[in-house]
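Colleague: Give me the fold of what follows.
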Amino acid sequence: MSEPGPESIPTSADPRSKRPTKRRAMTPHSEVASEIQTLFKDPSKDIQLPDTLKPRTVASLSAPPEIVTNVQGSSAGAGSGEFHVYKASRRREYERLRLMQSEVDSEKNNEAWQKEREEKKRKDDEKTEKNRRRREKKKNTRGKKGNGGQNDTTPMEVSAAPGSMVNMEDQNGAAVDGQVTQQEVPGVIFHEED
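Modeller: So this is what the prediction gives:
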């Protein structure tokens, strides 16, 4: 049995060897790790990011030819080389037509979405206006009735959580135990404008 020594080291891993080490297939993880290491070697160097791809439109395609000479189909006298020319021109034309149709469809979808959005906004505004009128009407009827037959007392200010028990005093100074009810505090109402 041989003992571990310089003879048992593979030739490519031997530091005395002049042969290059074997390159193994990189895993995606090791590939990203090596890219990050190269970025950190020189942090002052600018990073070049690839440009974002612009969506293809009819304007980005080349225009169809104005004059087509020697028009032939994929058969009927066409040579073997003409078939590929015909297929390529047909593919370009179908791509152009498909892009034109997709632009028309997207415009229709945008118009329908805008119309639906405006309809929902109009309905929301109508409902908000109806509720506002109802609140004002309720407020006006409450103001006309007065206090509803109760004696005129000033409301007591209590700084406790709603629903908690506190000791309160009535108008005469007598102690009254009771629950704190939440009172509406007048505030500012913001109305969004278009």
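Colleague: Quick one: classify residue 50 as helix, strand or coil.
Modeller: Reducing the assignment at residue 50 to three states with DSSP: H, G, I helix; E, B strand; the rest coil gives coil.
Colleague: how about the strands of the chain, start to end?
Modeller: In the chain, the strands defined using DSSP state E lie at 165-169, 175-179.
Colleague: Any stretches of the protein with poor pLDDT?
Modeller: 1-15, 20-22, 68-79, 146-185, 194 (pLDDT under 70).
Colleague: ok, which stretches of it are helices?
Modeller: 28-41, 80-145 (DSSP state H).
Colleague: Ok, which of the ones you listed comes nearest residue 51?
Modeller: For the helices of the chain, proximity to residue 51 was assessed by Cβ to Cβ; helix 28-41 is nearest, at 18.8 Å. In short, each C-beta sits where N, CA and C put it, glycine included.
Colleague: could you dump that closest one to CSV, C-alpha only?
Modeller: In CSV, the C-alpha atoms belonging to helix 28-41 read as follows (Å, rounded to 0.1, in the frame of the first residue of the first chain):
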residue,chain,number,x,y,z
PRO,A,28,-25.0,29.0,-11.5
HIS,A,29,-24.1,29.7,-7.9
SER,A,30,-20.3,29.7,-8.5
GLU,A,31,-20.8,31.7,-11.7
VAL,A,32,-22.6,34.5,-9.8
ALA,A,33,-20.0,34.3,-7.0
SER,A,34,-17.1,34.8,-9.5
GLU,A,35,-18.9,37.8,-11.1
ILE,A,36,-19.3,39.3,-7.7
GLN,A,37,-15.6,38.7,-6.9
THR,A,38,-14.5,40.4,-10.1
LEU,A,39,-16.8,43.4,-9.2
PHE,A,40,-15.2,43.7,-5.7
LYS,A,41,-11.6,43.6,-7.1
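Colleague: Could you number the chain from 14 rather than 1 from now on?
Modeller: Noted, 14 is the first residue going forward, which turns the last one into helix 41-54.
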